[in-house]
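**Student:** Need the 3D shape of this:
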Amino acid sequence: MSTLGDDVISGNIDLVTSPNHTDVLIVGAGISGIGAGYYLQTECPDRSYTIIEGRADLGGTWDLFRYPGIRSDSDMYTLGYGFRPWKEEKAIADGPSILAYVRETAEEFGVDEHIVFNQLATKADWSTKTSTWTVTTTNSVTGKAEVRTCSFLFMCSGYYSYKGGYEPEFPGRDAFAGPVVHPQKWPEDLDYTDKNVVVIGSGATAVTLVPAMAADAKHVTMLQRSPSYVAPLPSIDPIAQRVRSALPEKLAHSVLRWKNVRYTDFVYEKTRTKPHLVRKRLLKEVREAMGPDYDVDTHFTPSYDPWDQRLCVVPDGDLFEAIKAGDATVVTDHIDTFTKTGILLESGDELDADIIVTATGLQLVTLGEMDFVVDGELIDFSQTWTYRGMGYSDIPNLMSTFGYINASWTLRVDLTCKYVADLLNHMSSVGAKRCVPRLRASDADMPERPYIDDFSSGYMQRMMPFLPRQGDRQPWLNTQRYVADKKELRRARIDDGVMQFSA
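**Tutor:** Model (predicted):
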């Protein structure tokens, strides 16, 4: 007996009359998915679209993470959408404020009316015969499988697993008498008041947690194997305050967005051409913040160059203030084993702990942890080439969002969504039902490069073998340069000889 999904793939039912068919199916209702909905209804009003979300609410990252102090380390003039100004005072905003911004955006433009919640996508089947994707979902409330079809699939599901973060195996973990918590699954009832807390990690999450918890905990220790670059920034941008008071809201937002884009691009360029100067400047700021007696060389001087791994922002120097106040300590050492009362270090020192937080990073995944099948063949994305950091060689009618690692995620989202809208409009104008990027004969000898090049962070390196390859020429590049990408997409033709169209 055939299933609905089988009938769709084989072309045995009329898709036009199917209530679960839409022109564009967006997977994910986070900051990317809401942006995608806005661009589709604005730029492609003739196309129907539906957003499916595996969880019970929108917001993605900003609804999932609930740990103390959760915030962005990107400014909101660039993390916010280009089409909707950020109106709050703080440029470095907390998680609840960002979630409210995303929610208000969805409501203001009616994108929320297109969302179907509790639909966890598990598989996508492409049929050339019907020119459709058939997406199987699991209803997270009932547990039942459901089927949806679309002419174009737009993946906005992020790049990490929502099932759980990366948790290394720590010796003796079961011996510890207290709770061991990963920030991705923060217990609502966790009481750390007057408790000794050890936070394992030195990345963006750790430097956020430590000062936030230090306000109520007895003491917080940030235990790191090696330091990260940490840069203090004001949470309220004084230039932004002046610009916003002098210019209309939308114009001010555009000016501040471009100012911050250009500054970030300038700093990143210097980290590539003159890393020693950027390194000197960053460490100088830490020394000025911590004073002459603090051991900056041990605790805040990384072994790598700036932006070889992501740089951590500490708004208003809150981490430094917590350390100087005696509420927090940084320890640079390796773990020998967990004990009943804390952690024994390889140096022989022991850290007493009532609670241990493993801020050890994310578990990266490809395209929402789904299986993708094209005409019966299971797709291995590591064997594909990335097309402009959005599409995949030989895979039809599929695009995805993947933000920048050295700039705000949403900058890339805006570019991708605008490109997808232009692509769909081009397909309409030429009567095409299918679009697929294919290597040209001249691309056959391209050298293979990692999807993200020149970035050594462990969470990214763990995932590189599973991600698409990039080449050494357009459009087979996944650059990490917003300004360059914007220029390239502005002058590039949709019908570029690589993207193939057919009816």
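**Student:** C-alpha from now on. contacts and neighbour counts both.
**Tutor:** OK.
**Student:** A helix includes residue 154, no?
**Tutor:** No - according to DSSP: H, G, I helix; E, B strand; the rest coil, the state of residue 154 is strand, so it is not within a helix.
**Student:** quick one: residue 445 from residue 395, how far?
**Tutor:** Residue 445 is 20 Å from residue 395, where distance means CA to CA, to the nearest Å.
**Student:** what's next to stretch 468-487, contact-wise?
**Tutor:** Judged by CA atoms under 8 Å, 6 or more residues apart in numbering, the contacts made with stretch 468-487 from elsewhere in the structure are 261-262, 265, 381-389, 392, 404-407, 411-412, 415, 446-452, 498.
**Student:** Run through the residues that contact residue 86.
**Tutor:** 76-77, 80, 101, 253.
**Student:** Scan those and report the most crowded one.
**Tutor:** Each of these was scored by neighbour count (other CA atoms under 10 Å); the top score is that of residue 77, with 28 neighbours.
**Student:** That one against residue 256, yeah?
**Tutor:** Yes - counting by CA atoms under 8 Å, residue 77 sits close enough to residue 256 to count as a contact (6.3 Å).
**Student:** Next one: residue 452, what pLDDT does it get?
**Tutor:** What the model reports for residue 452 is a pLDDT of 87.
**Student:** scratch that, residue 9
**Tutor:** Per-residue confidence (pLDDT) for residue 9: 48.
**Student:** Could you pull up phi and psi at the closest residue to residue 123 other than its chain neighbours?
**Tutor:** In space, not counting the residues next to it along the chain, residue 123 is nearest to residue 371; the distance is 4.6 Å by CA to CA, 6 or more residues apart in numbering. Here is the backbone geometry of residue 371 (degrees, to the nearest 10): phi -90, psi 140.
**Student:** How about the contacts made by residue 371?
**Tutor:** Under the criterion of CA under 8 Å, 6+ apart, the contact list for residue 371 reads 122-124, 378-379.
**Student:** Equivalent analysis for residue 161, please.
**Tutor:** Applying CA under 8 Å, 6+ apart, the residues near residue 161 are 362-365, 368-369.
**Student:** repeat that with 7 Å
**Tutor:** 363-365 (CA atoms under 7 Å, 6 or more residues apart in numbering).
**Student:** Tabulate the residues you listed (JSON lines), appending pLDDT.
**Tutor:** What follows is the contacts of residue 161, written out as JSON lines (pLDDT from 0 to 100):
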{"residue": "363", "pLDDT": "85"}
{"residue": "364", "pLDDT": "84"}
{"residue": "365", "pLDDT": "85"}
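**Student:** Buried only: go through those residues for me.
**Tutor:** A residue is treated as buried here by neighbour count (16 or more other CA atoms under 10 Å); on that basis the buried members of the contacts of residue 161 are 363-365.
**Student:** on that earlier part again, between residue 445 and residue 395, which is the more surrounded one?
**Tutor:** residue 395 (19 against 8).
**Student:** Please tell me how far that one sits from residue 428.
**Tutor:** Applying CA to CA to residue 395 and residue 428 gives a distance of 19 Å.
**Student:** Name the SS class of the nearest residue to residue 313 once chain neighbours are set aside, please.
**Tutor:** The shortest distance from residue 313 to any non-neighbouring residue, by CA to CA, 6+ apart, is to residue 231 (4.9 Å). Using three-state DSSP, the secondary structure recorded for residue 231 is strand.
**Student:** And residue 360, by the same measure?
**Tutor:** If you use three-state DSSP, then residue 360 falls in the coil class.
**Student:** do the same with residue 343
**Tutor:** State at residue 343, reduced to three classes by three-state DSSP: strand.
**Student:** Quick one: neighbours of it, just the number.
**Tutor:** Close neighbours of residue 343, defined as other CA under 10 Å, add up to 24.
**Student:** show me the contacts for it.
**Tutor:** Contacts for residue 343 (CA under 7 Å, 6+ apart) come out as 335, 337, 350-352.
**Student:** if we go to 8 Å?
**Tutor:** Counting by CA under 8 Å, 6+ apart, residue 343 has contacts 335-337, 350-353.
**Student:** Looking at those, which are in strands?
**Tutor:** The strands in this structure, assigned by DSSP state E, contain 335-337, 350-352 from the contacts of residue 343.
**Student:** Output these as CSV; include the columns neighbour count, pLDDT and distance to residue 485.
**Tutor:** Written out in CSV, the entries for those read as follows (neighbours: other CA atoms under 10 Å; pLDDT from 0 to 100; distance: CA to CA, whole Å):
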residue, neighbour count, pLDDT, distance to residue 485
335, 20, 98, 42
336, 17, 98, 45
337, 18, 98, 46
350, 17, 97, 49
351, 18, 98, 47
352, 19, 98, 49
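**Student:** what's the farthest-apart pair in the residues you listed?
**Tutor:** Based on CA to CA, the longest span within the ones in strands among the contacts of residue 343 runs between 336 and 352 and measures 14.0 Å.
**Student:** which stretches of the stretch 401-503 of the chain have low pLDDT?
**Tutor:** Nowhere does the stretch 401-503 of the chain drop to pLDDT under 70.
**Student:** Mind doing that once more with 80?
**Tutor:** Residue ranges of the stretch 401-503 of the chain with pLDDT under 80: 454-463.
**Student:** any chance you could map the helices in it?
**Tutor:** Here the stretch 401-503 of the chain has its helices, by DSSP state H, counting those that start in this stretch, at 409-430, 458-461, 482-491.
**Student:** Show me how the record splits this protein into domains.
**Tutor:** Listed by automatic domain parsing, the domain ranges of the chain are 4-161+364-502, 173-358.
**Student:** end-to-end on the last one?
**Tutor:** When the termini of domain 173-358 are compared using CA to CA, they are 11 Å apart.
**Student:** all numbers from here: first residue = 752
**Tutor:** Taking 752 as the first residue, the last one we looked at is domain 924-1109.
**Student:** now residue 995, what's its secondary structure?
**Tutor:** The three-state assignment at residue 995 reads helix, by three-state DSSP.
**Student:** how near is it to residue 1224?
**Tutor:** 40 Å.
**Student:** and those two? which has more neighbours close in?
**Tutor:** Neighbours of residue 995 and residue 1224, each counted by other CA under 10 Å, are more numerous for residue 995; the result is 18 against 11.
**Student:** wait, what's in contact with that one?
**Tutor:** With contact taken as CA under 8 Å, 6+ apart, residue 995 is in contact with 1003-1004.
**Student:** same check, this time on residue 915
**Tutor:** If a contact means CA under 8 Å, 6+ apart, then residue 915 has 935-936, 1113-1114 as its contacts.
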